[in-house]
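Visitor: Next come a sequence and a model predicted from it.
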Amino acid sequence: MATPNPFPAGISKEQAFSMAQTEMEYRVELFNKLAQTCFSKCVDKRYKEAELNMGDNSCIDRCVSKYWQVNGMVGQLLSAGKPPM
Amino acid sequence: MSNDSSAEPAAGSSGSNENVTKIEPIRMPTIEEMRAQEVWNNCAVKSVASGVMGGGLGLMMGLFMGALDNPIMHDTMTGRQQFVYTAKQMGQRSWGSCKTFAVMGLVYSAAECIVEKARAKHDIINTAVAGCVTGGAMSARGGPKAACMGCVGFATFSVLIEKFFDRHT
């Protein structure tokens, strides 16, 4: 084998591919949920104009920041709790 | 089968499909477009722009009022002197009015922008608070009572104007 193996030891190509696919699905799901949650919280349903107001913008900024932080925290807790389980 | 990009009407159909509105696919904004929109998201830029527009409006109004206000004195001055005098009066009047309106626009826009950013909501309360701040700031020279009256008056005025402009939506 002349070319160096890009994958860590013990993982075949198919496994890496399926892991990437799972990761991609997870990311897409995360983005969709994030957009849906923050849209329903921040944007008034009675649409008056096409553009986002200043208030909508700052609300979306805060919502996304909180969501991302909580997501990171929950992910860490879940991954840290794996061995005792 | 593949109806995903409905950008073109169906070929080969009858002529009644010609006036089907073209639905364009969703386009994410480019980084330049986002930056251009972010410019207007800034409170300072917005308030300065409002101040400039208020100044322009004040200039126009001052010119108009200055032209109306000056009495025509036929006997004391010649025609040319009258013209110069009238022009000076108009200029002074319009400059004063320009300053007033520019300050008013700047303070109102800055207050509304800051309040809306802090509250993260688009409401009528933002306009009321901004109107109160503007009215109070402009009448602050007359003492606290005048400031209160100015606050209430200008807040009511701006709420009414906002509701008037919102009626169509």
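Guide: Yes, it's here.

Visitor: Where does the prediction get shaky in chain A?
Guide: Applying pLDDT under 70 to chain A flags residues A:1-9, A:83-85.

Visitor: which helix of it spans the most residues?
Guide: Counting residues, the longest helix found in chain A (DSSP state H) is helix A:13-42.

Visitor: do the same with chain B
Guide: Longest helix in chain B, counting by DSSP H: helix B:79-119.

Visitor: before we move on, back to that, what's the offset of the helix or strand just after the longest helix of chain A from the middle of its chain?
Guide: Once the chain leaves helix A:13-42, the next helix or strand it forms, by DSSP states H and E, is helix A:54-80. Centroid separation for helix A:54-80 versus its chain: 10 Å, with C-alpha atoms, centre = their mean, to the nearest Å.

Visitor: helices or strands next to helix A:54-80 in the packing?
Guide: helix A:13-42, helix B:79-119 (3 or more C-beta pairs under 8 Å, 6 or more residues apart in numbering or on different chains; DSSP states H and E). Just so you know, the C-beta spots here come from the backbone N, C-alpha and C atoms, and that holds for glycine as well.

Visitor: For the residue nearest the centre of chain B, list the residues it contacts.
Guide: For chain B, the residue sitting closest to the mean C-alpha position, by C-alpha atoms, centre = their mean, is B:S50 at 5.6 Å. Residues in contact with B:S50, defined by C-beta atoms under 8 Å, 6 or more residues apart in numbering or on different chains, are B:G105, B:L106, B:Y108, B:S109.

Visitor: so the first one sits right up against B:M53, yeah?
Guide: Yes. In this structure B:G105 lies within contact range of B:M53 using C-beta atoms under 8 Å: 6.1 Å.

Visitor: Of these two, give the one with the bigger neighbour count.
Guide: In terms of neighbours (other C-beta atoms under 10 Å in any protein chain shown), B:G105 is the more surrounded of B:G105 and B:M53; the figures are 23 against 15.

Visitor: who are the neighbours in contact with that one?
Guide: B:S47, B:S50, B:G51, B:V52, B:M53, B:G54, B:G55, B:L57.

Visitor: Filter those residues down to the buried ones.
Guide: Buried members of the contacts of B:G105, counted by 16 or more other C-beta atoms under 10 Å in any protein chain shown: B:S47, B:S50, B:G51, B:G54, B:G55, B:L57.

Visitor: Let me know the closest of those residues to chain A.
Guide: Nearest to chain A among the buried ones among the contacts of B:G105 is B:S47, at 11.8 Å by C-beta to the nearest C-beta.
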